[in-house]
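S.K.: Build me a model from this:
(chains A and B)
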Amino acid sequence: MRTPVFYEIRVEGHISDSWSPWFEGLTIRHEESGETALTGSLADEAALHGVLMKIRDLGLPLVEVKRVPGGEKSPQENE
Amino acid sequence: MKKTAPTTISLLKTKLHIPPMRSELVSRPRLIEQLDAGLDCKLTLISAPAGFGKTTLLSEWVTRLKDRAAWLSLDAGDNDEARFWIYLVAALQTVHTHLGQDALQLFQAPQPPATQVILTTVLNEMAALPQDVILVLDDYQLISDQAVHDGVAFLLEHLPHNVHLAISTRADPPLPTYRLRARGQLTELRSHDLRFTADEATTFLNAAMGLDLATGDVEALEARTEGWIVGLQLAALSLQARADAHEFITAFSGGHHYVLEYLTQEVVHRQPEPVQRFLMQTSILERLCGPLCNALTGESDGEAMLARLRQRNLFILPLDDEHRWYRYHHLFADLLGNLRRKEWSAEVIRDLHLRACEWYDQNGLTDEAVSHALAAGDFERTAQLIERNSLAMVTRGELAILLRWIDALPEDLARSRPWLCIHQAWPLTFAGKADAAEPLLRQIEGQVPLDDLAPEREEILGNVAAMRAMLATMRGDMPQAIELAHRADELLPADNLIPRNIIPFTLASAYHAEGELVRASQLLAEVLKMGRTSGNLWTVVRTLCDLADVRIIQGQLRRATDLCREALRLAEERGARQFGTVGYALVKLGQMFYERNDLVAAREHVLEGIALMQGWQQPYEMVSGYTALATTLQAQDDAEGALEALQNAEKIRSQHANYLKLNSMVKSCRIRLCLAQDGPEDAARQATEARLGETAALIFREQEQMILAQVLVAGERWNEALDLLAQLAQAAEAGGRFGRLIEILALQALARQAQVDTAGALTALEKALTLGELEGYVRVFVNQGAPMATLLQQAAARGIAPQYASGLLAAFGIAEQETAGAPLPPGTPSLVEPLTGRELEVLQLIGQGYSNQEIAAALVITLNSVKKHASNIYGKLGVHSRTQALARAQELGLL
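M.R.: Next up is the predicted model:
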């Protein structure tokens, strides 16, 4: 199995952190800019696209998707 | 067990139903106008995120176009080619009942032709419609299957002028929209077009939702939500019956999504407790109806509750006019889902899915039952569901979906269930992938349930036997194939349709290969009858071709031609001229033109046939096509073209290891080309290397040995050739394979002639000519080259089938005048009444000094017959003695 990859996804507006399990356990953080950052590790590209599709389906405007090299471990405590 | 609960039918129909207009609807003339104007283009694309009123707008628009609009609401289950197109055709049939009947049948065929081929028939039918059609695909973002996208792109590319496609989606689809945009063939409505304007927001909030907001508050709300309709609707719901509207509006902050989430909670929590619970419980469902809701909630007020939600505009859309089925607005359902996960335990949610699964299963809606079982993570239950429904699905042509479900199960579980293995093994068997199928078959045998389930046991083993039989025919082990097919026949229950239909095909193929042509014909006639009764074009065309194949071997070229023409006619009548099976019929017809030496027509038919079969990709049929092409091109002296065709055949063969028919056909074709292009020595060497003539199945072995005989004749190895040909002739005659006997006799004639046995040569040739004349065989003689021309001239001179012979000579490129007298010295009188072949044989033996007794022994006839023949010869030659006869015969060039 491939090692998980750490991602940071930014969307416009704030969503509550109760969505974390819906987004594969990504951490939800509100930024002062009014954006929300979803960060954490995802199994692979397919998992990333799954999350992006959920973002689309919730009508959240996407600002940025970033792969963070050597990012920290996935915050599993969100499960 | 088949269930036809009314819910089943109405649920499927809801996908084709234009969602009824909602009472709170804000009419949007500015957008309707744009949509109307866009009808001149090929495609309208409504692409915007959730909650912008795409579906509502489309339904308002097409409701006005009424009888011209076909509607299809897509869901995730449509990511299957067959299902997607079946629904799409069904949608078109809501506008024109008879459209696409054949297409529906073909999409459900066990080995359907390429989608593009089927779509072409639908496109042609649409083009012939007297009026315009608007086809709406709603929620296209749910399609992720590339094959479906490819099909839609093909449809778009070839859309007739009277058809317009409208697609609504949350994400731009992977279709060639850029090309349409460049050609001005695309109308687009995007989020900025769809947002409520200030006027629309006012109408919506104050008129439709019955609020009485001040202009400033409307503006604030509109700014807050950026005209996002779902946001405005949520806000309106929270504001209803609220005294502090102004404070409420100014109070909320954050991005508009946060607002949405906040508002959802607001809206839900302001409902009475039973409504709250109902919303949370039922929002796991993609579609809802009263009884289904009751199954989830354990209450009995489902229908009333749904009506109540609708009355309150709680994001629920009726899906039919009877208001039996509904769905939540997708986004609202997602938001409810989040609330549910936040407030309820995973156990409770799992239990809801299991209840939904149970209800759907009881009502015969397997798809939904399976998806809820999977959502509950109950694989055992899923496996049971799949097992119970698998046969019905295979019968309906839903194999792809079935396989996807099996894939969703943990491998250990899937492998431990014989029926799941059976359904995985069938498609592998069809595709000739013996290596992949065999381990599954062994797995199944290891798991057959023991005696308490005797009937099921037989059915399972019957399937295994039927698959093994098919694999055996491919491998070329025909006796085993026949045995296995008979065993399958005994084991399988009468109603097990798929294997039942395959058994006679498999048997016919095996008997054919073994040379048992009568039995093969009988079986094919049986299949043909079944096909005609059920109106299955695919089976009928295919069987007619196989029958034609048998007739060709039997030397009934005319009958074979009639069969192929009938196949073509039937296909044409049904608008199915473009199907892959029809391609095979064209290849067969091409072969018949080849036999008649109409090479131009042969080439045309074979090329068209190959082109039609491209998308269909059946290895045996494709290889038949390419080898027929190679043979025809070689006859046209196009050596390079012939080699290229051979390479194409070779490529397909190399992808199917141990496929006897392919191996034999390609090998035969290669050595025939080698003989023509490189000569007998190279051909003989290649034949030895390729072990030509050693293939197990008789029909293929015989073909190979006939080529070996050609190689021997060409290499002037007369004795070997004659030995082989004698065996072949005897076997072909005994087996009624007269089509092949003609060629064998022609080769025999050449070899005997070379051994200065003119009478023997002419006897063989006469027989060949008799068999060939009625059926119009030409090429088989022309292929033998100049020595055959000489022989034919002699035959014609002796009055053996003179017209046919001179016609054949014309085909050699030799003018007819030359043929009549060429071997005779000028001025020599010819016979008024020609000698028969037998008489020539007798004359020849007289010339060699045989006594009448010896002639009788040599020809295995009675002494009296010899005397009768001799007296006839004397009469025809106008002589009275042996010596006079010999002198006269030499004068006439008969000896």
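
S.K.: So which helix or strand of the chain has the lowest pLDDT on average?
M.R.: In the absence of a named chain, chain A is used. When each helix and strand of chain A is scored by mean pLDDT, DSSP states H and E, helix A:45-57 comes last, with a mean of 87.

S.K.: ah, I was thinking of chain B
M.R.: Per mean pLDDT, DSSP H and E, helix B:816-821 ranks last in chain B, at a mean of 38.

S.K.: Give me the distance from the least confident helix or strand of chain A to the chain's centre.
M.R.: Helix A:45-57 sits 9 Å away from the centroid of its parent chain (C-alpha atoms, centre = their mean, to the nearest Å).

S.K.: can you pull the buried residues of it?
M.R.: Of the residues in helix A:45-57, A:48, A:51, A:55, A:56, A:57 count as buried by neighbour count, 16 or more other C-beta atoms under 10 Å in any protein chain shown. Yep, even glycine has a C-beta here, placed from its N, CA and C like the rest.

S.K.: now stretch B:700-718
M.R.: Buried residues in stretch B:700-718, defined by neighbour count with 16+ other C-beta under 10 Å: B:700-715, B:717-718.

S.K.: now do stretch B:386-400
M.R.: By neighbour count on 16+ other C-beta under 10 Å, the buried set for stretch B:386-400 is B:386, B:389, B:390, B:391, B:393, B:394, B:396, B:397, B:398, B:399, B:400.

S.K.: Quick check: which element contains the second one?
M.R.: Counting by DSSP states H and E, the element that carries residue B:389 is helix B:379-395.

S.K.: Which residues does that helix contact?
M.R.: Here helix B:379-395 makes contact (C-beta atoms under 8 Å, 6 or more residues apart in numbering or on different chains) with B:2, B:354, B:357, B:361, B:366, B:369-370, B:373-374, B:399, B:401-402, B:405-406, B:408-410, B:413-414, B:417, B:419-420, B:422-423, B:426, B:496-498.

S.K.: Pull the number of nearby residues for the one residue in chain A that gets nearest to chain B.
M.R.: In chain A, the residue found nearest to chain B is residue A:13; the distance is 2.0 Å by C-beta to the nearest C-beta. For residue A:13, the count of nearby residues is 20 (other C-beta atoms under 10 Å in any protein chain shown).

S.K.: what do you get for residue B:68?
M.R.: Based on other C-beta under 10 Å, the number of other residues close to residue B:68 is 17.

S.K.: likewise residue B:322?
M.R.: Per other C-beta under 10 Å, the neighbour tally for residue B:322 reads 9.

S.K.: now, which of the buried residues of stretch B:386-400 sits nearest chain A?
M.R.: Where those are concerned, and distances follow C-beta to the nearest C-beta, chain A has its nearest neighbour in residue B:400, at 20.1 Å.

S.K.: Might you calculate how far stretch A:22-31 sits from the centre of the chain?
M.R.: If you compare the mean C-alpha spot of stretch A:22-31 with that of the full chain, they lie 5 Å apart, counting by C-alpha atoms, centre = their mean.

S.K.: And that stretch, what's buried?
M.R.: A:22, A:23, A:24, A:25, A:26, A:27, A:28, A:30.

S.K.: low-scoring stretches of the chain, by residue?
M.R.: Since no chain was named, I'll use chain A. A:1-2, A:70-79 (pLDDT under 70).

S.K.: my bad, the chain I had in mind was chain B
M.R.: For chain B (pLDDT under 70), the answer is B:1-11, B:22-24, B:109-112, B:252-259, B:395-397, B:449-454, B:496-499, B:615-617, B:814-834, B:893.

S.K.: those strands in it, which residues are they?
M.R.: Along chain B, counting by DSSP state E, strands occupy B:43-47, B:69-73, B:133-138, B:163-169, B:186-190, B:316-318, B:326-328.

S.K.: what about these, which gets the closest to residue B:874?
M.R.: Ranking the strands of chain B by proximity to residue B:874 (C-beta to C-beta) places strand B:163-169 first, at 82.3 Å.

S.K.: what lines up beside the closest one in the sheet?
M.R.: strand B:43-47 (parallel), strand B:133-138 (parallel) (DSSP bridges).

S.K.: How far does that strand sit from its chain's centre?
M.R.: Here the centre of mass of C-alpha atoms in strand B:163-169, compared against the chain's by C-alpha atoms, centre = their mean, lies 28 Å away.

S.K.: Please save the CA atoms from it in CSV.
M.R.: These are the backbone C-alpha positions of strand B:163-169, laid out as CSV (Å, rounded to 0.1, in the frame of the first residue of the first chain):
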residue,chain,number,x,y,z
VAL,B,163,-32.9,16.6,-31.6
HIS,B,164,-31.6,18.8,-28.8
LEU,B,165,-29.8,17.7,-25.8
ALA,B,166,-30.0,19.6,-22.4
ILE,B,167,-27.7,18.6,-19.6
SER,B,168,-27.7,19.8,-16.0
THR,B,169,-24.7,19.2,-13.9
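
S.K.: what angle do that strand and strand B:186-190 make?
M.R.: With axes from the mean of the first three to the mean of the last three C-alpha atoms, to 10 degrees as the basis, strand B:163-169 and strand B:186-190 are set at 20 degrees to each other.

S.K.: which residues sit against strand B:163-169?
M.R.: Contacts of strand B:163-169 with the rest of the structure, by C-beta under 8 Å, 6+ apart, involve B:35, B:38-39, B:41-47, B:54-55, B:58, B:62, B:126-127, B:132-141, B:155-156, B:159, B:173, B:175.

S.K.: residue contacts, the residue nearest to residue B:661 when sequence neighbours are not counted?
M.R.: Computed as C-beta to C-beta, 6 or more residues apart in numbering or on different chains, the closest residue to residue B:661 that is not its neighbour in sequence is residue B:620, at 5.7 Å. Going by C-beta under 8 Å, 6+ apart, residue B:620 touches B:659, B:661, B:662.

S.K.: cool, and residue A:5?
M.R.: Shown in contact with residue A:5 (C-beta under 8 Å, 6+ apart): A:41, A:42, A:44, A:48, A:67, A:71.

S.K.: So residue B:662 versus residue B:475, what's the distance?
M.R.: Using C-beta to C-beta, to the nearest Å, residue B:662 is found at 11 Å from residue B:475.

S.K.: So for these two, which residue has more residues nearby?
M.R.: Taking residue B:662 and residue B:475 together and counting by other C-beta under 10 Å, residue B:662 has the greater number of neighbours (26 against 20).

S.K.: Which residues are in contact with the more buried one?
M.R.: B:619, B:620, B:623, B:652, B:653, B:656.

S.K.: Return every residue with contacts to both of residue B:662 and residue B:475.
M.R.: Counting by C-beta under 8 Å, 6+ apart, residue B:662 and residue B:475 have no contacts in common.

S.K.: any chance of the strands paired with strand B:163-169 in JSON lines, plus mean neighbour count and distance to residue B:75?
M.R.: Formatted as JSON lines, the entries for those read as follows, by neighbours: other C-beta atoms under 10 Å in any protein chain shown; distance: least, C-beta to C-beta, whole Å:
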{"stretch": "strand B:43-47", "mean neighbour count": "23", "distance to residue B:75": "18"}
{"stretch": "strand B:133-138", "mean neighbour count": "22", "distance to residue B:75": "10"}
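
S.K.: Alpha carbons only: can I get the least confident helix or strand of chain A in CSV?
M.R.: Written as CSV, here are the backbone C-alpha positions of helix A:45-57 (Å, rounded to 0.1, in the frame of the first residue of the first chain):
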residue,chain,number,x,y,z
GLU,A,45,-5.4,10.6,-5.3
ALA,A,46,-8.7,8.8,-5.5
ALA,A,47,-9.4,9.7,-1.9
LEU,A,48,-8.5,13.4,-2.7
HIS,A,49,-10.9,13.4,-5.6
GLY,A,50,-13.6,11.9,-3.4
VAL,A,51,-13.2,14.8,-1.0
LEU,A,52,-13.2,17.4,-3.8
MET,A,53,-16.4,15.9,-5.1
LYS,A,54,-18.0,16.2,-1.6
ILE,A,55,-16.9,19.9,-1.5
ARG,A,56,-18.4,20.4,-4.9
ASP,A,57,-21.7,18.7,-3.8
